[in-house]
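> Next one to model:
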Amino acid sequence: MSKSSDLETEIRKFEARFERFLAREEELAELLRGFAKELREICTELSKVKEPVEGQKIAELRLKAMKALNQVLLKQSDVEHERSHLLESYGSLMLALEESLDSLL
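Okay, here's the model as predicted:
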């Protein structure tokens with residue numbers, strides 16, 4: 001395989017990884033918007049309370065917030081995983097570029 005071909009392969013891998021990363025980032029942004037909305041709704045519900053609330057209502061609100069936060073954290077881990085692939089690609093791209101340029105000397 002030629003050095004130019006290696007570089008082309010690494011560029012294609014980088015582009016694919018970058019697109020996956022961007023997709024995961026957008027998914028995370030949507031989840032964060034939803035999380036903020038959930039928290040605002042909980043805050044609104046809490047502001048309506050004029051007297052001590054029964055334990056069941058507090059448990060429901062707490063669970064609602066924790067579920068939304070859990071979704072955010074899971075998606076954040078997906079984003080970080082894709083980011084690690086991007087980091088791998090940076091090194092592979094630089095090495096393939098260097099080898100391609102070296103082969104021309």
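
> got any ranges where the chain has weak pLDDT?
Where the chain drops to pLDDT under 70, the residues are 1.

> Can you tell me the closest non-neighbouring residue to the residue nearest the centre of the chain?
With distances taken as Cα atoms, centre = their mean, the residue of the chain nearest its centroid is Val79 (2.6 Å). Excluding the flanking residues, the one nearest Val79 by Cβ to Cβ, 6 or more residues apart in numbering is Arg24, at 4.7 Å. C-beta coordinates here come from the backbone N, C-alpha and C atoms, glycine included.

> what do you get for Ala65?
Once flanking residues are discounted, Ala65 sits nearest to Ile42: 5.8 Å by Cβ to Cβ, 6+ apart.

> Would you mind identifying the next helix or strand past the helix or strand containing that neighbour?
Using DSSP states H and E, Ile42 maps to helix 3-48. As assigned by DSSP H and E, the chain's next helix or strand after helix 3-48 is helix 55-103.

> Against which helices or strands is that next one packed?
helix 3-48 (3 or more Cβ pairs under 8 Å, 6 or more residues apart in numbering; DSSP states H and E).

> The helix it packs on to helix 55-103, inter-axis angle?
160 degrees (axes from the mean of the first three to the mean of the last three Cα atoms, to 10 degrees).

> by contact count, what packs against helix 3-48?
The contact analysis (3+ Cβ pairs under 8 Å, 6+ apart) places helix 3-48 against helix 55-103.

> for the helix it packs on, the distance to its chain's centre please.
4 Å (Cα atoms, centre = their mean, to the nearest Å).

> Next, the contact list for Glu45, please.
Residues near Glu45 by Cβ atoms under 8 Å, 6 or more residues apart in numbering: Leu61.

> doesn't Ile11 make contact with Leu93?
Yes - assessed by Cβ atoms under 8 Å, Leu93 is found in contact with Ile11 at 6.9 Å.

> picking up where we left off before, OK, contacts around the residue nearest to the centre of the chain?
For Val79, the contact set (Cβ under 8 Å, 6+ apart) comprises Phe21, Arg24, Glu25, Leu28.

> Tell me the buried residues in stretch 6-20?
Asp6, Leu7, Glu10, Lys13, Phe14, Arg17 (16 or more other Cβ atoms under 10 Å).
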